[in-house]
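Engineer: what's the 3D shape of this:
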Amino acid sequence: MENCLFCKIAAGEIPSSKVYEDDRVLAFRDIAPQAPVHILVIPKRHIPSVGAVTEENSGLAAACLEAVARIAAQEHLDGGFRLISNCGPDAGQTVPHLHFHILAGRNMGETLV
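Structural biologist: Numbering: from 1, shown residues only. A predicted model of the protein is given here:
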């Protein structure tokens, strides 16, 4: 999508602090981190959200999750991490491109909100 921020980052049109990249997935540090470790994992092809995952594009969502496991090992997140994907404006999704937040580096407790 031409106006999608994350598509522009994936295309290299906007710089990012890359943590991981392969032919289908890009991961980079969030510019407004909510935890000591805050990494965004995106498919390089546009999918609007988890709500738009289909049989045809689910391989890209799976590739993102595989990348999450690699990144967790690479970043030594041995104490654990939280993985979040907001879906839609009511859930707080501000960029309409499928993405997963890896949050770690502190004890986040049991509550989500």
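
Engineer: so, low pLDDT: which residues of the protein?
Structural biologist: 1, 113 (pLDDT under 70).

Engineer: longest helix anywhere in it?
Structural biologist: Counting by DSSP state H, the longest helix found in the chain is helix 58-74.

Engineer: can you pull the buried residues of stretch 21-31?
Structural biologist: Neighbour-count burial for stretch 21-31 flags 24-28, 30 (criterion: 16 or more other Cβ atoms under 10 Å). The way it works is simple: take the backbone N, C-alpha and C, and place the C-beta from them, glycine included.

Engineer: would you work out how far apart the start and end of that stretch are?
Structural biologist: By Cα to Cα, to the nearest Å, the extent of stretch 21-31 from end to end equals 18 Å.

Engineer: export the longest helix of the chain as PDB, just CAs?
Structural biologist: Extracted C-alpha coordinates of helix 58-74, given in PDB (Å, rounded to 0.1, in the frame of the first residue of the first chain):
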ATOM      1  CA  SER A  58      -1.400 -17.100   6.800                       C
ATOM      2  CA  GLY A  59       2.100 -18.200   5.800                       C
ATOM      3  CA  LEU A  60       3.200 -14.600   6.300                       C
ATOM      4  CA  ALA A  61       1.700 -14.500   9.800                       C
ATOM      5  CA  ALA A  62       3.400 -17.800  10.600                       C
ATOM      6  CA  ALA A  63       6.700 -16.400   9.300                       C
ATOM      7  CA  CYS A  64       6.300 -13.500  11.700                       C
ATOM      8  CA  LEU A  65       5.800 -15.800  14.600                       C
ATOM      9  CA  GLU A  66       8.800 -17.900  13.600                       C
ATOM     10  CA  ALA A  67      10.800 -14.600  13.500                       C
ATOM     11  CA  VAL A  68       9.600 -13.800  17.000                       C
ATOM     12  CA  ALA A  69      11.200 -17.000  18.300                       C
ATOM     13  CA  ARG A  70      14.500 -16.200  16.500                       C
ATOM     14  CA  ILE A  71      14.500 -12.600  17.800                       C
ATOM     15  CA  ALA A  72      13.700 -13.800  21.400                       C
ATOM     16  CA  ALA A  73      16.800 -16.100  21.300                       C
ATOM     17  CA  GLN A  74      18.900 -13.400  19.600                       C
END
